[in-house]
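Visitor: Need coordinates for the below:
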Amino acid sequence: MDEEAHWEAVYKTKAADAVSWYSPHLNQSIKFITEALPSKNTQIIDVGGGESTLVDDLIELGYKHLTVLDISQTAIDFCKNRLQNKSSLVHWQTANILTVELSQDAYELWHDRAVFHFLTDESDRQKYVHQVATSVKPGGHVIVATFGPAGPQKCSGLKTVRYDADSLHNEFGKRFELVKSESEFHQTPFGTSQQFVYCYCKLQ
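Guide: Model (predicted):
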């Protein structure tokens, strides 16, 4: 099963609040985003947004230029239906982040919670970093969250790569200045705990 088919199957067979990464609100992400971008008139992309409520909360906070990219059309459609008429405030993009053509210097902020740790091949991680370095404006902000050292080695039937702050930052290289990092223990809908590591960098 290819990546698109895998994630379509996940989102077609599981409710939004029945996946391990579900949270009613991505408070840690919101904290990083609002600290990085106090101005609301800026371009933000949420990569692998899935069915999360981050876009809802960013709209409520007044952010004007939001892009949500996900490999699953089912996930995108779910979010559109949830937002109803507010969905027109968002640019929706169904694509694989490794192969999609993104405009150069298009975004002030790149957000990813739980895509990067699925990239188990070094070549795929290099493609991902290239996408970030190309599409984020110089001086822009990059917020990436992955499973931490105590996080699961598999998720949704796929292997993951676990990182601490240093090893995650090292994947991106010297152009990405590490501003801060934090660890979070996410409580899943099943009563278990998953460790996430967040890195917030500025692109030089």
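Visitor: Check which residues of the lengthiest helix in the chain are buried.
Guide: With secondary structure taken from DSSP state H, the chain has its longest helix at helix 122-135. Buried residues in helix 122-135, counted by 16 or more other C-beta atoms under 10 Å: 125, 128-129, 131-133, 135. (Glycine included, C-beta is placed from N, CA and C.)
Visitor: Can you list the residue ranges for strands in this structure?
Guide: Using DSSP state E, the strands of the chain run over residues 43-47, 65-70, 90-94, 107-113, 136-147, 154-155, 158-159, 176-187, 193-203.
Visitor: Excluding its own residues, what touches the fourth one? List them.
Guide: Where contact means C-beta atoms under 8 Å, 6 or more residues apart in numbering, the residues beyond strand 107-113 that reach it are 21, 26, 29, 32-33, 36-37, 42-48, 52, 54, 67, 132, 135-137, 140-145, 196.
Visitor: Just the pLDDT for residue 70.
Guide: With respect to pLDDT, residue 70 scores 98.
Visitor: Name the residues linked to it by a beta bridge.
Guide: Residue 70 forms beta bridges with residue 94, as assigned by DSSP bridges.
Visitor: Excluding residues flanking it in the chain, which one is nearest the residue positioned nearest the centre of the chain?
Guide: Among the residues of the chain, the one closest to the centroid is residue 112, at 1.9 Å (C-alpha atoms, centre = their mean). Computed as C-beta to C-beta, 6 or more residues apart in numbering, the closest residue to residue 112 that is not its neighbour in sequence is residue 47, at 4.4 Å.
Visitor: count of residues packed around the closest residue to residue 182 other than its chain neighbours?
Guide: Spatially, and ignoring its direct neighbours in sequence, residue 182 is nearest to residue 198 (5.0 Å; C-beta to C-beta, 6+ apart). The number of residues packed near residue 198 is 21, by other C-beta atoms under 10 Å.
Visitor: if I look at residue 198, how far off is residue 102?
Guide: Plainly put, residue 198 is 22 Å away from residue 102 if you go by C-beta to C-beta, to the nearest Å.
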